[in-house]
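*Asks:* Here you go, sequence then predicted model.
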Amino acid sequence: MHESLAGVRILDLTAYLSGPFATLTMAGMGADVVKIERRDGGDPARTFPPFCGHDGTALLEQTSPTDESVAILKRNRGKQSVTLDLGNAKGRELFLRLVKRADVVIENLAPGIMERWGLDYATLAAENPRIILCSISGFGRTGPKKDLGAFDPIIQASSLTMASNGFSDGPPVRTGISFGDTVPALYAVIGILAALRKRDLTGRGAAIDIPMHDCLVAMLMIEPMEAQVGWGYPLRMGSRIPRLAPCNVYSCRDGYVALNAAPPRLWRRLVKVMGEPELEAAELVPLAARIRRQDWLDQKVAAWVAKQTADALVAVMAANGVPCAKVVETLQELAEDPSLREHGMLQPVEHPLMGTLPGILAPGVPVRSVGGVSSALHRAPLLGEHTDQILGTELGLDEAEISELRRQDII
């Protein structure tokens, strides 16, 4: 799967996380990604701490000219970087020349910017009828909220995600992972792949609209929350799933485990291991009966789990076919996971000037052939590192022309 998108050229106008995560994923599947950045600083995420450089790690702010954002070193792997002022007529002309040679343009700019630059889909398609334009925005390109800006917390708040995360006696909580960015990124990849397939059939590109808000709502609404509300449960239930029992996070002697034995066949296996006659009663086999007594059942399972060590319990559950996992609570423990190691999922991060950074890992792309490992992405580029190469090799500009563009602050 590493080269499944080989030959697909993507012009990446995205910044922050939603778009860059989409293009990182496609780079991991072989796409040729050219990140177009502002010449005056590039992707704003380049200013996000922590930083790594010749003077070591700086947690809050850049302390040397070699400092690069760790976030950028992770998100920009597998890409090339070109600086270009798209608000300038000459910069726009150069970009449209690149569009002629591209398959996809992806952007997550503020609403209206592409139109202001004269780079709407109709203009791109006039240069290249096969071009695919994918636009990621907070609330979509149409509708009453289309002009509103958004970041991950805004999307989590407005999509009911925060309200469904946390405990019933606490406030709404943002998820620790930036799902408001990463879920739309994956939908963008899906949309682009679908558009490439359609283009194979029709010969024409398409404009794709990816509203971040819609994407999180799509994930949320696969759960039958109507039933949960009908039962009188609050939206926030901690780690419990109200329609399943037992299914929760339980405290062991030395940590926590997540356990799900809700299906009747798994329930029978669990109570056999627990050895409590009271729980072996036939009337508790149907899931509905256990949901009705969920609090009591959780107390029984929690009391039994509390006597076990996490690793021993996980081993016993695995031997008896009951899904159970220790709650991983440190990065070090995650990095030592033997499954992730075998799959090649955690990879070293390279600094453009210093090489491999000790102690810093980034995930591979988890799409691979059976028996394969996650693709190794080449290091993230310096800002504008490939500007001269692409303008010279692909657009045929000579050194004097490139120097003049730099003098005019276009690149």
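*Replies:* That came through, no problem. Numbering: from 1, shown residues only.

*Asks:* Strands of this structure, start to end?
*Replies:* For the chain, the strands defined by DSSP state E occupy 9-12, 32-37, 51-53, 56-58, 68-69, 79-83, 104-107, 132-137, 206-211, 247-251, 256-260, 324-326, 346-351, 355-363.

*Asks:* Worst mean pLDDT among those strands?
*Replies:* Lowest mean pLDDT within those: strand 56-58, at a mean of 87.

*Asks:* Reformat the strands of the chain as JSON lines; add distance to Pro153 and mean neighbour count.
*Replies:* Glycine gets a C-beta too; all of them are placed from N, C-alpha and C. Below are the strands of the chain laid out as JSON lines (distance: least, CB to CB, whole Å; neighbours: other CB atoms under 10 Å):
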{"stretch": "strand 9-12", "distance to Pro153": "24", "mean neighbour count": "24"}
{"stretch": "strand 32-37", "distance to Pro153": "24", "mean neighbour count": "23"}
{"stretch": "strand 51-53", "distance to Pro153": "23", "mean neighbour count": "21"}
{"stretch": "strand 56-58", "distance to Pro153": "25", "mean neighbour count": "14"}
{"stretch": "strand 68-69", "distance to Pro153": "20", "mean neighbour count": "22"}
{"stretch": "strand 79-83", "distance to Pro153": "26", "mean neighbour count": "24"}
{"stretch": "strand 104-107", "distance to Pro153": "21", "mean neighbour count": "25"}
{"stretch": "strand 132-137", "distance to Pro153": "16", "mean neighbour count": "25"}
{"stretch": "strand 206-211", "distance to Pro153": "16", "mean neighbour count": "20"}
{"stretch": "strand 247-251", "distance to Pro153": "24", "mean neighbour count": "19"}
{"stretch": "strand 256-260", "distance to Pro153": "26", "mean neighbour count": "19"}
{"stretch": "strand 324-326", "distance to Pro153": "28", "mean neighbour count": "17"}
{"stretch": "strand 346-351", "distance to Pro153": "26", "mean neighbour count": "18"}
{"stretch": "strand 355-363", "distance to Pro153": "22", "mean neighbour count": "14"}
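
*Asks:* so can I have a markdown table of the ones you listed showing distance to Met237?
*Replies:* As requested, the strands of the chain are exported to a markdown table (distance: least, CB to CB, whole Å):
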| stretch | distance to Met237 |
| --- | --- |
| strand 9-12 | 39 |
| strand 32-37 | 40 |
| strand 51-53 | 39 |
| strand 56-58 | 39 |
| strand 68-69 | 37 |
| strand 79-83 | 40 |
| strand 104-107 | 37 |
| strand 132-137 | 31 |
| strand 206-211 | 27 |
| strand 247-251 | 9 |
| strand 256-260 | 14 |
| strand 324-326 | 19 |
| strand 346-351 | 32 |
| strand 355-363 | 29 |
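
*Asks:* of all those, which lies closest to His386?
*Replies:* Closest approach to His386 among those (CB to CB): strand 79-83, 3.9 Å.

*Asks:* Direction included, what does the closest one pair against?
*Replies:* When pairing is defined by DSSP bridges, strand 79-83 lines up against strand 32-37 (parallel).
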